[in-house]
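Engineer: With the sequence up front, the predicted model follows.
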Amino acid sequence: MAEKVQFDLVAPEALVFSEAVDMVVVPGGDGDFGVLPRHAPLVSTIRPGVITTYEGQGSARQPKERIFVAGGFAEVTPERLTVLAEQAMPVARLDRAAAEQELKDASEDLADATDAHAKGLAERAVNVAKAKLAAIRG
């Protein structure tokens with residue numbers, strides 16, 4: 001039996017995912033990165049995007065789960081990937097109309113921002129909404 005990496009995804013409200021998988025691709029703060037068994041230790045920020053788990057080896061590897069995350073942190077060890085996400089949900093549960101409304105509201109908030117803090121929060125909300133829409137498009 002091939003080695004697997006334990007993947008645990010935790011959001012503030014619950015443990016979202018916990019399973020041994022063959023590979024995980026994470027939207028890291030500096031770019032996407034893949035995690036396989038025996039990966040070198042790593043800590044990374046996560047940007048809004050989709051975490052994808054894979055089953056199978058080599059050319060037979062197939063995507064299994066797609067989970068949207070709004071950001072957070074990842075810790076990788078040779079045996080495990082732990083993601084602490086600000087928000088997480090399966091891509092299949094994302095609602096296009098809701099994401100479009102979030103983008104509209106966040107864009108209006110950005111246009112109305114009067115200080116750096118408000119502008120930063122609005123820019124973050126715009127980026128999360130855009131990432132949700134990109135995830136829905138696939």
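Structural biologist: Sure, I can see it.

Engineer: Quick one: the helices in this protein, in order.
Structural biologist: 96-112, 116-137 (DSSP state H).

Engineer: Which one, of the ones you listed, ends up nearest to A14?
Structural biologist: A14 lies closest, by C-beta to C-beta, to one member of the helices of the chain: helix 116-137, at 19.1 Å. All C-beta spots, glycine's among them, are computed from the backbone N, C-alpha and C.

Engineer: List the contacts of that closest one.
Structural biologist: By C-beta atoms under 8 Å, 6 or more residues apart in numbering, the surrounding residues in contact with helix 116-137 are 47-50, 66, 68, 70-71, 87, 91, 94, 96, 99-100, 102-103, 105-107, 109-110, 112-113.

Engineer: Looking at the record's assignment, how would you partition the chain?
Structural biologist: By the record's domain assignment, the chain is partitioned as 5-91, 95-137 (automatic domain parsing).

Engineer: any idea which of the ones you listed is most buried?
Structural biologist: domain 5-91 (a mean of 17; mean count of other C-beta atoms under 10 Å).

Engineer: about what we covered before: using TSV, please lay out the helices of the chain together with distance to E79.
Structural biologist: Below are the helices of the chain laid out as TSV (distance: least, C-beta to C-beta, whole Å):
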stretch	distance to E79
helix 96-112	35
helix 116-137	28
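
Engineer: quick one: which of those is nearest R80?
Structural biologist: When these are compared (using C-beta to C-beta), the closest one is helix 116-137, at 24.6 Å.

Engineer: related to what we said a few turns ago, can I get the domains of the chain in JSON lines including mean pLDDT?
Structural biologist: Below are the domains of the chain laid out as JSON lines (pLDDT from 0 to 100):
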{"stretch": "domain 5-91", "mean pLDDT": "95"}
{"stretch": "domain 95-137", "mean pLDDT": "95"}
